[in-house]
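Student: need a structure here:
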Amino acid sequence: MELIGSVCLGLGLAAACGFRVFLPVLALALASRLGVVELGPAWAWVGSWPAVAGLSAAALVELIAFYIPFVDNALDALAAPAAAIAGTLVAASQLTGVEAVSLPPAVAWVLAAIAGGGLATGVHLGAASVRGASTATTAGMGNPVVSTAENVAAAGLSAASIIMPVIAASLIGLGVVLIVRRRLRSRRAARRSTLFTPARPADHSGHGLAC
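Tutor: Purely as a prediction, here's the structure:
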């Protein structure tokens, strides 16, 4: 059960990194500092006061920056690789050096990169597409609403992953399945509309033989 909890915690925080890079890592640091989350010796520095202070400052700057027009769209591009790295790290923190998980380090890091980094990247790309649509349709006026929703999602998902990791991971998995099914249905509908669209008759006007 501890193994499942550790894996779910890592995946939940990785998904939260897709919304905000530093806030989930800060949540992990505070949870470690308070003794709620167990970290291996190699990750003990995450729960140190200097790390908590640095992550707090970085998280605050990130939260504010996403409310600045044009800066938020630029940050979406810069945050893509950062989210992948953060997702990999938080997942690795639960797969390496923890007594409940007995995986070879190389295997653990590969799994962390694929699952944690991939999940964070997927969530980030989805959030970035929503912001892009908001920018295109509202000229950026609706972006603060998107930023607020992302902040709430990052904070809520981080807290849920720490307090009830299995439930949080299950909800994430359900969300991924629903999104994939919706996209598959959209593609099938697009293909059907293309196949059953009647061909337009050729226009022969003006091409007949003169009498």
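
Student: Quick check, pLDDT for residue 178.
Tutor: Looking at residue 178, its pLDDT is 81.

Student: Same question for residue 175.
Tutor: Looking at residue 175, its pLDDT is 81.

Student: Is it in a helix, a strand, or coil?
Tutor: Applying DSSP: H, G, I helix; E, B strand; the rest coil to residue 175 yields a three-state assignment of helix.

Student: Check the spacing between it and residue 169 real quick.
Tutor: 11 Å (CB to CB, to the nearest Å). In short, each C-beta sits where N, CA and C put it, glycine included.

Student: Residue 13 now?
Tutor: Distance from residue 13 to residue 169, counting by CB to CB: 10 Å.

Student: now residue 58
Tutor: Residue 58 is 25 Å from residue 169, by CB to CB.

Student: who's more crowded, those two?
Tutor: residue 169 (23 against 15; other CB atoms under 10 Å).

Student: so what's that one closest to, chain neighbours aside?
Tutor: residue 8 (3.6 Å; CB to CB, 6 or more residues apart in numbering).

Student: Helix or strand for the one you found, just tell me which one.
Tutor: Here residue 8, judged by DSSP states H and E, is contained in helix 2-17.

Student: Export only the CA atoms of the next helix or strand after that helix, formatted as PDB.
Tutor: As assigned by DSSP H and E, the chain's next helix or strand after helix 2-17 is helix 22-33. Only the C-alpha atoms of helix 22-33 are listed here, as PDB (Å, rounded to 0.1, in the frame of the first residue of the first chain):
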ATOM      1  CA  PHE A  22       7.200  25.700  -8.500                       C
ATOM      2  CA  LEU A  23       4.000  25.400  -6.400                       C
ATOM      3  CA  PRO A  24       3.800  21.600  -6.400                       C
ATOM      4  CA  VAL A  25       7.500  21.400  -5.500                       C
ATOM      5  CA  LEU A  26       6.900  23.900  -2.700                       C
ATOM      6  CA  ALA A  27       4.000  21.700  -1.500                       C
ATOM      7  CA  LEU A  28       6.300  18.700  -1.400                       C
ATOM      8  CA  ALA A  29       9.000  20.700   0.500                       C
ATOM      9  CA  LEU A  30       6.500  21.800   3.100                       C
ATOM     10  CA  ALA A  31       5.000  18.300   3.500                       C
ATOM     11  CA  SER A  32       8.500  16.900   4.000                       C
ATOM     12  CA  ARG A  33       9.400  19.600   6.400                       C
END
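
Student: who touches helix 22-33?
Tutor: Applying CB atoms under 8 Å, 6 or more residues apart in numbering, the contact partners of helix 22-33 are 13-14, 16-17, 37-39, 43-44, 46-49, 51-52, 55-56, 58-59, 62-63, 86, 89-90, 93, 151, 154-155, 157-159, 161-162.

Student: List the buried residues in the helix or strand in which residue 111 is found.
Tutor: Per DSSP H and E: residue 111 is located in helix 105-111. By neighbour count on 16 or more other CB atoms under 10 Å, the buried set for helix 105-111 is 108-109, 111.
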